[in-house]
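In: what follows is a predicted protein model with its sequence.
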Amino acid sequence: MFEQLALIGCGLMGGSFALALKRAGLVRRVVGYSQSSATTERARALGVIDAAAPSAPLAVTGADLVLLAVPVAATENTLKSIREQLKPDMLVMDVGSTKRDVVDAARRALKQDVGLFVPCHPVAGREVAGVEYADADLYNGKHLIITPIERTLAPKIEQADALWRALGCNVARLSPEQHDAAFAAVSHLPHLIAFALMNSIAAQPEGAAFLSLAGPGFRDFSRIAASTPQVWRDVLVANREEVANQMRHFQQALAELQARIDAGQTDELERLINRASRARANWRSSPASK
């Protein structure tokens, strides 16, 4: 049980965390702050938070749990703004989709207090944003990656692990470098491809007509292209080295398919498609994908 959650960023991710904590009976009070006062007031009106703070430092005052649910590019300034309010009994976490940049920002901003900060990435979300979409079930059954650094205090790691498990998450631990390499492949590149696909069709003279004929397969494939632009701008720039590495792998695979199509090599083309089909079927049937 936490006495007070300081929620910095009252959107989908932060709001869902607050609702999940409340439903689980793990927090007595939630104080929220967002850069937009309208967002904070909306969160209060919806019952996501119990009180609205006019600043991040005031939200943190009196808290024993702090969650940063802000764009990854805002991590350093946010941590700097609340550093003077941090106490040894506090647990400070984030929900950013990249981790090397986040832990570097935490080192610079928190200095000797960096041990209080546990970098986290809940593998959950939607293509919509805003506190009105907050859902207490958003994290239930999802992966949660903790990426501690050498100075992260062991009791804080265990506390964060237990908290996310209490919300129904499957918790794993990776280094920040391992995290960013993995999610460049399975999250960041897929978003980039979805953005490129939509732009490539929309830019064609008959793009609108083509899109009017699209069916469920296109809907499923392109869904993530509707994700929040500011969030994904920051993620792709923050993890650009690993994303570039995955782009090279993808371009090689795409070039191989194109070569088989251009040459009319149907047997080779079928082999490549079959390899992809088997890989997808094996992933879908594995426990980790459920």
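Out: Great, that's in hand.
In: quick one: distance of stretch 273-284 to the chain centre.
Out: Distance, stretch centre to chain centre, for stretch 273-284: 26 Å (C-alpha atoms, centre = their mean, to the nearest Å).
In: show the contacting residues for D50.
Out: D50 is in contact with R29, V30, V31, R44, counting by C-beta atoms under 8 Å, 6 or more residues apart in numbering. Quick note: C-beta positions are derived from backbone N, CA and C, even for glycine.
In: same question for R83.
Out: The contact partners of R83, taken as C-beta under 8 Å, 6+ apart, are A109, L110, K111, D113.
In: what's the neighbour count on V186?
Out: Other residues within reach of V186, judged by other C-beta atoms under 10 Å, total 11.
In: I'd like to know which of the contacts of R83 are buried.
Out: Taking 16 or more other C-beta atoms under 10 Å as the criterion, what is buried in these is A109, L110, D113.
In: who wins for neighbours among the contacts of D50?
Out: Going by other C-beta under 10 Å, V30 tops the contacts of D50 with 29 neighbours.
In: helix, strand or coil: sort out that residue for me.
Out: Classification of V30 using DSSP: H, G, I helix; E, B strand; the rest coil returns strand.
In: residues contacting the longest helix seen in the chain, please?
Out: Counting residues, the longest helix found in the chain (DSSP state H) is helix 240-262. With C-beta under 8 Å, 6+ apart as the test, helix 240-262 has contacts from D180, A181, A184, A185, H188, L189, L192, I193, L236, E268, L269, L272.
In: avg pLDDT for that helix?
Out: Mean pLDDT, computed over helix 240-262, is 98.
In: give me the buried positions along it.
Out: By 16+ other C-beta under 10 Å, the buried positions in helix 240-262 come out as E242, V243, Q246, M247, R260.
In: with stretch 150-167 instead?
Out: Buried, per 16+ other C-beta under 10 Å, within stretch 150-167: T152, L153, K156, I157, Q159, A160, D161, L163, W164, L167.
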